[in-house]
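# predicted model and sequence below, questions to follow.
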Amino acid sequence: MDKAWMSKSRLSVEYEQGVREFLEFAFSNTVSNQILCPCRICVNSVLLTKDEVYEHLIINGILKLYKNLYEHGEQPSSSSNPNIAHHDDLSSHVNVHEMLQDTFGISNVDMGDETSPISSLGGPNNEASQFFKLLEDANKELYPGCSKFTKLTFIVRLYHIKCLSGWSNKSLDLLLALLKEAFPEGETLPESFYELKKVVKDLGLDYKKIDACPNDCMLYWKEAAHDEICKICGVSRWKQMQKNLGATTSSEVKEKKIPVKVLRHFPLVPRLQRLFMSSKTASLMVWHDQDRVKDGFLRHPANSVAWKDFDAKHMSFSSERRNVRLGLATDGFNPFGTMSVSHSTWPIILTVYNLPPWMCMKQPNLILSLLIPGPRGPGNDIDVYLQPLIDELKNLWEFGVGTYDAHTNQSFEMKAALLWTLSDFPGYAMLSGWSTKGRFACPYCNKDTCSQYLKNSRKFCYMGHRQFLDSNHEFRSDRKFFNGIEEFKVMPNPPSATQILKQLEGFQSEFGKGNSNMVSKRRRQEPKDSKNYYNWKKKSIFFDLPY
């Protein structure tokens with residue numbers, strides 16, 4: 001089908017004729033009276049009738065990048081369709097032996113010899129036994145006479161397809177049962193998805209569950225790991241289960257306690273160590289220092305003032321170029337994909353900035369550190385959930401961790417530092433502790449924020465933008481189109497670290513939503529001579545980091 005009309009003006013005859021030809025083509029490939037609308041507003045997500053699609057395409061225009069009409073009957077083409085992921089590796093050979101080497105950091109073991117000495121792993125015995133169990137599966141035939149797949153390669157490919165396609169656990173159970181019937185006698189397939197996961201989990205990385213107070217007051221970990229009730233608000237850690245009247249009352253039968261709120265913590269250290277277990281990735285972990293073009297242009301965060309200033313202040317850290325520089329990003333999302341359900345889950349994601357720019361922002365290289373549960377967003381109480389991560393970052397800075405570098409075939413003491421955070425403006429308030437609302441909403445201007453309270457609408461408005469202009473700019477003397485006065489103020493300087501610490505001196509952070517009424521009452525009765533903390537709502541947990 002000719003697609004030249006897509007680049008024409010919506011007012012042209014060629015465009016209208018192209019729309020009509022497209023609609024004839026699309027409806028000839030479907031039995032329904034509706035198709036997905038490819039206009040710039042609907043973006044192939046809304047089913048509409050022929051007349052409605054025609055109207056949308058004429059008014060809104062068609063998606064410019066929608067060159068391959070794969071949603072409307074045209075054969076998909078991975079080269080021309082940017083919306084289809086490149087999954088060519090699904091049909092390619094999986095080198096499980098190389099995958100096992102990268103996973104366990106092994107480069108000197110004969111992969112065809114199952115009797116290789118365990119000591120060659122240089123790790124604990126349980127890790128060695130996992131490796132050789134996987135090696136055995138990697139050399140075992142899927143069924144007698146099968147030359148294309150081994151047990152492990154087939155399981156990895158099948159599990160990969162399940163994750164990409166969103167299959168349910170039940171559907172995979174049914175598929176495994178069917179395959180076991182279809183394959184010749186002697187097949188080595190697992191009985192169920194549960195058995196399959198036991199094979200695959202040794203290739204992956206584990207996570208920890210940490211119970212949390214329903215009101216975001218505290219985590220049940222370390223010294224409080226065995227507590228039953230929140231020390232701050234007094235709310236129970238467990239869900240209140242309705243007792244079944246017909247159930248037995250025997251003391252021997254214990255009810256399973258289910259926590260109300262659970263934080264998922266994905267330990268950072270093993271994930272950073274994995275980056276150095278692959279020789280290819282390990283070689284790129286020094287790109288920021290070794291291969292980066294240093295011509296003064298900001299092509300990578302390593303060219304930034306913040307990066308250079310950090311290196312100058314911490315010479316012992318920057319002297320080892322393999323030490324990891326991290327950025328933290330977070331935002332809330334609704335995991336249920338519907339606006340009718342009010343729910344906000346907050347992932348904490350770390351970016352490794354040692355890698356080149358075409359890799360550090362790619363999904364495979366982003367590290368999920370924490371998954372903060374809903375249904376409400378944590379707000380200022382996000383610091384409660386950041387405790388495990390901050391604890392790890394402090395240890396990585398002060399002590400480091402022994403790490404094997406597959407590129408140099410040497411071990412070194414890896415350290416890591418968090419350089420900055422990435423978020424939207426409300427997220428910035430949660431992470432920094434400086435409220436982005438009210439009289440001093442601007443974190444850059446700090447206490448010098450230029451604002452005015454509007455009594456009738458009971459809101460603050462922010463003017464003073466002209467102070468950021470050149471001193472001789474014509475807008476500075478323009479009173480008619482601004483607030484009726486001339487602007488002579490100079491651009492304010494952002495507060496220094498010393499000034500921020502001075503403002504926060506003596507500040508006591510309180511977390512939790514259990515006693516909101518008491519907190520509001522205490523704020524109203526605050527003495528007038530108390531210290532002015534401006535817009536600070538808490539002293540952020542990031543101040544606990546030693547750098």
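Received it, and whenever you're ready, just let me know what you need.
# phi and psi next, for Gly402.
Torsion angles at Gly402 (phi, psi; degrees, to the nearest 10) stand at phi -60, psi 130.
# so it makes contact with Gln410?
No: the criterion here is C-beta atoms under 8 Å, and Gly402 misses it with Gln410 at 11.0 Å. Every residue, glycine included, has its C-beta placed from N, CA and C.
# any regions of the stretch 51-200 of the chain where pLDDT drops low?
Within the stretch 51-200 of the chain, the stretches with pLDDT under 70 are 75-132.
# now the helices for it?
96-104, 125-139, 151-165, 169-182, 193-200 (DSSP state H, counting those that start in this stretch).
# and of the ones you listed, who's closest to Leu326?
Nearest of the helices of the stretch 51-200 of the chain to Leu326, taken as C-beta to C-beta: helix 96-104 at 21.6 Å.
# pLDDT score assigned to the residue of the chain most remote from its centre?
Residue farthest from the centre of the chain, counting by C-alpha atoms, centre = their mean, is Lys480 at 47.3 Å. Note on Lys480: pLDDT of 86.
# give me the secondary structure label for it.
coil (DSSP: H, G, I helix; E, B strand; the rest coil).
# contacting residues around it?
By C-beta atoms under 8 Å, 6 or more residues apart in numbering, Lys480 lies in contact with nothing.
# I'd like the distance between it and Glu474.
12 Å (C-beta to C-beta, to the nearest Å).
# do Phe183 as well
Distance from Phe183 to Glu474, by C-beta to C-beta: 80 Å.
# settle it for me: which of these two has more neighbours?
Phe183 (16 against 8; other C-beta atoms under 10 Å).
# grab the nearest non-local neighbour of that one.
Computed as C-beta to C-beta, 6 or more residues apart in numbering, the closest residue to Phe183 that is not its neighbour in sequence is Tyr143, at 4.9 Å.
# quick check: the one you found touching Glu187?
Yes: look at Tyr143 against Glu187 with C-beta under 8 Å: they come within range, at 4.1 Å.
# nearest to the spatial middle of the protein, which residue is it?
What sits nearest the mean C-alpha location of the chain, by C-alpha atoms, centre = their mean, is Ile349, with 3.7 Å.
# contacts only, for it.
Contacts of Ile349 (C-beta under 8 Å, 6+ apart): Leu328, Ala329, Thr330, Leu366, Ile367, Leu368, Ser369.
# buried residues in the strand or helix carrying Leu368, which are they?
Assessed by DSSP states H and E, Leu368 sits inside strand 366-372. By neighbour count with 16 or more other C-beta atoms under 10 Å, strand 366-372 contains the buried residues Ile367, Ser369, Leu370, Leu371, Ile372.
# partners of the third one in the sheet?
Residues in a beta bridge with Leu370, per DSSP bridges, are His265, Ile348.
# quickly note the distance from it to Leu419.
In terms of C-beta to C-beta, Leu370 sits 18 Å off from Leu419.
# so what's the residue count around Cys213?
So Cys213, with other C-beta under 10 Å, has 29 neighbours.
# and the gap between Pro546 and Glu398?
Pro546 is 7 Å from Glu398, by C-beta to C-beta.
# and Lys148, by the same measure?
Counting by C-beta to C-beta, the gap from Lys148 to Glu398 is 51 Å.
# how many residues are close by the residue lying closest to Thr436 once chain neighbours are set aside?
Nearest residue to Thr436, sequence neighbours excluded (C-beta to C-beta, 6+ apart): Ala429, at 4.3 Å. By other C-beta under 10 Å, the residues close to Ala429 number 21.
# got the contact list for Ala429?
Asn380, Ser435, Thr436, Lys437, Lys537.
# go on, Phe276?
Phe276 neighbours (C-beta under 8 Å, 6+ apart): Gly105, Ala282, Met285, Arg322, Thr403, Tyr404, Asp405, Ala406, His407, Met414.
# so what's the last one bridging to?
Note on Met414: beta-bridge partners Val401, judged by DSSP bridges.
# and it, how far from Glu16?
For Met414, the distance to Glu16 - C-beta to C-beta - is 62 Å.
# contact partners of the host helix or strand of Trp420?
Remark: Trp420 resides in strand 416-422, with elements defined by DSSP H and E. Contact with strand 416-422 is made by 268, 272, 301, 306-307, 310, 314, 317, 323-330, 350-351, 353, 393, 396-397, 428, 431-432, 542, 545, 547, as judged by C-beta under 8 Å, 6+ apart.
# next one: stretch 305-319
Pro301, Asn323, Arg325, Trp397, Lys415, Ala417, Leu419, Trp420, Tyr547.
# same deal with stretch 491-508?
444-448, 467-468, 531, 533-534, 536, 538-539, 543.
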